[in-house]
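In: Fold the following for me, if possible:
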Amino acid sequence: MRKMLSVPGWVSRFLVRAKREDGAVAVQFALLIVPMTVMVFGAIDVSRASGEKARLQDALDAATLAAARSTETTDAGLKTVGDKVLSADLAASKAVLASSTYRLEGTKIIATARASMTTSIANLWMDGDMTVGATSEVTRSSNNLEVALALDVTGSMGGSRIADLKLAAKDLVDLVVQDQQTPYYTKVALVPYSAAVNVGSYAASVRGAATAGTCTSPGCASYKFTNASGSLKTFAISNCVTERTGGSAYTDAAPSSTFLGRNYPSSANPCLASTITPLSTDRAALKTRIDGLSASGSTAGHIGLAWGWYMVSPNFASLWPTASQPAAYGADRLLKVVVLMTDGAFNTTYCKGVISQDSGNGSGAASDHINCNAPNGDAFSQARSLCSNMKAQGVIIYTVGFDVGSDASAEAIVRECATDAEHVYLPATGAALKTAFRAIGEDISRLRISK
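Out: Numbers count the residues shown, from 1 in each chain. As a prediction, the model looks like this:
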């Protein structure tokens, strides 16, 4: 039943006094106080309601995003996830959540919420509290995603640093790779790198088969060369690969047209044990591979970067199993992403498959270097050329410089290589590294609020 309008006590007393004084003007003024009071306090109520409605909308948007990022596929499951966020965001609100709904329609999640608030004076003409409402709609997995993580596992990443990297990388995998792979897929590839990149069973396909025996020219199972000190050395070929030279050096041309560089490593700076993982939708398998990473060797960041590109390049597709083959450039609703993580200077370059004599400090002993310079020049210059060509193909590049603040060259390449300043992260601690990877994962898998 609608409430009757009642006059506050102070207004009644004012009217009585006005009557006693028999002042017509005073009576008229007193009578005006009632609607004026209603208007003033009513406006306050309306303003409060407007603020609470905006707060409810923001909270519902956040709740719907959280529900969309989850792996829930039922309305009830989405409501459980969404309401947890919604209730937390409304904890300080003057409005009380009355109801909420979450509905999955194809790739969209549509949510509604209603909240009630007690008014100061509007309840004199309203039947109960004031109610505000909000609606939010989020598109779930509106793009196909192909993401390659180029991860620095060099010797300087030992101890707690590699442990922090593993947690950060696994967190990103959980954010990006979804359970549902239709109508849009989300895939991640892994490229651990140190002095080179281990391509495992793909070695012969990408750098050419090695002939038996020992040769004085690259191409055999063992290579005898003159080192930077003028002595003869013999190193065996590995399943790692190095930079490509010639006209295709900074491109993603198919390896069938131009082989990648061979790798003849020393025992002191061997081919890393961890191999690449082509694009995969298997979160558990990806995280198992991440858990298996170990830190050793010097830093050929430009080679890790190049292989991040190759993992999402359609020109390398024929190497991989069908499910791991990247789509063509420019395909509809497709994002190709490379995340480059490094903790320092790119100090290792190659000449004829052996670390070159002009490699930087930290690339091993001079006696393990060949007596020629890298034909492509220093690693930072190579990385810049690769990044420029990747971006020209529409590849999005995120860079993470882990505690590189004291190395101006390393920080510079992190800033220059990224798509733009918003894609650059410079964490200084393990906790900040995990935060950076989470932020990148959320950005990659961002879900657009369509309404």
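In: buried sites along stretch 379-399?
Out: Neighbour-count burial for stretch 379-399, with 16 or more other C-beta atoms under 10 Å as criterion, is recorded at 379-387, 389-391, 393, 395-399. In short, each C-beta sits where N, CA and C put it, glycine included.
In: Which of these fall within helices?
Out: Restricting the buried residues of stretch 379-399 to those inside helices, with DSSP state H as the criterion, leaves Ala379, Phe380, Ser381, Gln382, Ala383, Arg384, Ser385, Leu386, Cys387, Asn389, Met390, Lys391.
In: ok, so of those, who is nearest Val312?
Out: Checking those against Val312 with C-beta to C-beta, the nearest one is Met390 at 9.1 Å.
In: Hmm, the closest one is touching Trp309, no?
Out: Yes - assessed by C-beta atoms under 8 Å, Met390 is found in contact with Trp309 at 5.1 Å.
In: shared neighbours, those two?
Out: Counting by C-beta atoms under 8 Å, 6 or more residues apart in numbering, the shared contacts of Met390 and Trp309 are Asp252, Val338.
In: Quickly note the distance from Gln382 to Leu334.
Out: With distances taken as C-beta to C-beta, to the nearest Å, Gln382 is found 27 Å from Leu334.
In: Correction: the previous question concerned Val147.
Out: Taking C-beta to C-beta, one finds Val147 at 12 Å from Leu334.
In: Likewise for Ser87?
Out: Taking C-beta to C-beta, one finds Ser87 at 37 Å from Leu334.
In: Assign Asp443 to helix, strand or coil.
Out: helix (DSSP: H, G, I helix; E, B strand; the rest coil).
In: Give me the number of neighbouring residues for the closest residue in space to Ser231 that isn't next to it in sequence.
Out: If you skip the residues right next to it in sequence, Ser231 has Ser367 as its closest partner in space, 7.0 Å away by C-beta to C-beta, 6 or more residues apart in numbering. Taking other C-beta atoms under 10 Å as the criterion, the count of residues near Ser367 is 13.
In: same check, this time on Asp291
Out: Other residues within reach of Asp291 by the criterion other C-beta under 10 Å amount to 11.
In: Gln393 and Ala418, how far apart?
Out: From Gln393 over to Ala418 the distance is 15 Å, taken as C-beta to C-beta.
In: Kindly report the same for Ser367.
Out: Applying C-beta to C-beta, one obtains 37 Å for the distance of Ser367 from Ala418.
In: Check Asn198 too.
Out: When distance is defined by C-beta to C-beta, Asn198 is 26 Å away from Ala418.
In: follow-up on the earlier one: between Ser87 and Leu334, which one's more packed in?
Out: Comparing Ser87 with Leu334 by neighbour count (other C-beta under 10 Å), the higher total belongs to Leu334, at 18 against 13.
In: For the more buried one, give me the pLDDT.
Out: On pLDDT, Leu334 comes in at 90.
In: before we move on, what about Ala91?
Out: The score at Ala91 is 88. That number is its pLDDT.
In: The closest residue to Thr214 other than its chain neighbours pairs with what?
Out: Excluding its sequence neighbours, the residue lying closest to Thr214 (C-beta to C-beta, 6+ apart) is Ser222, at 4.1 Å. When assigned by DSSP bridges, Ser222 has beta-bridge partners Thr214, Ala236.
In: Now the helix or strand containing Ala285: buried residues?
Out: When secondary structure is defined using DSSP states H and E, the element that contains Ala285 is helix 283-291. Neighbour-count burial for helix 283-291 flags Arg283, Leu286, Lys287, Arg289, Ile290 (criterion: 16+ other C-beta under 10 Å).
In: thinking the last one is in contact with Leu190, fair?
Out: Yes - the criterion here is C-beta under 8 Å, and Ile290 meets it with Leu190 at 6.9 Å.
In: hang on, the earlier thing: tell me which residues touch the residue nearest to Thr214, please.
Out: The neighbours of Ser222, taking C-beta under 8 Å, 6+ apart as the test, are Gly213, Thr214, Cys215, Thr234, Phe235, Ala236, Ile237.
In: From those, list the buried ones, please.
Out: Buried by 16+ other C-beta under 10 Å: Cys215, Phe235, Ile237, out of these.
In: Now for the residue lying closest to the last one once chain neighbours are set aside: which residues touch it?
Out: Using C-beta to C-beta, 6+ apart and skipping the chain neighbours, the partner closest in space to Ile237 is Ala210 (4.9 Å). When contacts are counted by C-beta under 8 Å, 6+ apart, Ala210 is found next to Ala204, Gly219, Cys220, Ala221, Ile237, Arg262.
In: pretty sure Ala253 is touching Asn315, no?
Out: Yes - contact status for Ala253 versus Asn315: in contact at 6.2 Å, counting by C-beta under 8 Å.
In: Now the two most distant members of the ones in helices among the buried residues of stretch 379-399.
Out: Spanning the widest gap among those are Ala379 and Lys391, at 18.6 Å by C-beta to C-beta.
In: any idea how far Ile303 is from the residue nearest to Thr214?
Out: Taking C-beta to C-beta as the measure, Ser222 and Ile303 are separated by 22 Å.
In: Kindly report the same for Ala410.
Out: Here Ala410 is placed at a distance of 16 Å from Ile303 (C-beta to C-beta).
In: Looking at those two, which is more packed in?
Out: The residue with more neighbours, out of Ala410 and Ile303, is Ile303; 32 against 23, by other C-beta under 10 Å.
In: Locate the more buried one within the secondary structure: which element?
Out: For Ile303, the host element (DSSP H and E) is helix 301-312.
In: quick check, distance from that helix to the centre of its chain.
Out: Using C-alpha atoms, centre = their mean, to the nearest Å, the mean C-alpha position of helix 301-312 is found 17 Å from that of the whole chain.
In: elements contacting the following helix or strand past it?
Out: Using DSSP H and E, the helix or strand that follows helix 301-312 towards the C-terminus is strand 334-342. Helices and strands touching strand 334-342, as assessed by 3 or more C-beta pairs under 8 Å, 6 or more residues apart in numbering; DSSP states H and E, comprise strand 144-152, helix 301-312, strand 396-401, helix 408-417, helix 430-444.
In: Partner strands of strand 334-342, with direction?
Out: Taking DSSP bridges as the criterion, strand 334-342 forms sheet pairs with strand 144-152 (parallel), strand 396-401 (parallel).
In: Present these as JSON lines; the columns should include mean pLDDT and distance to Asp75.
Out: Shown next, in JSON lines, are these (pLDDT from 0 to 100; distance: least, C-beta to C-beta, whole Å):
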{"stretch": "strand 144-152", "mean pLDDT": "96", "distance to Asp75": "25"}
{"stretch": "strand 396-401", "mean pLDDT": "97", "distance to Asp75": "33"}
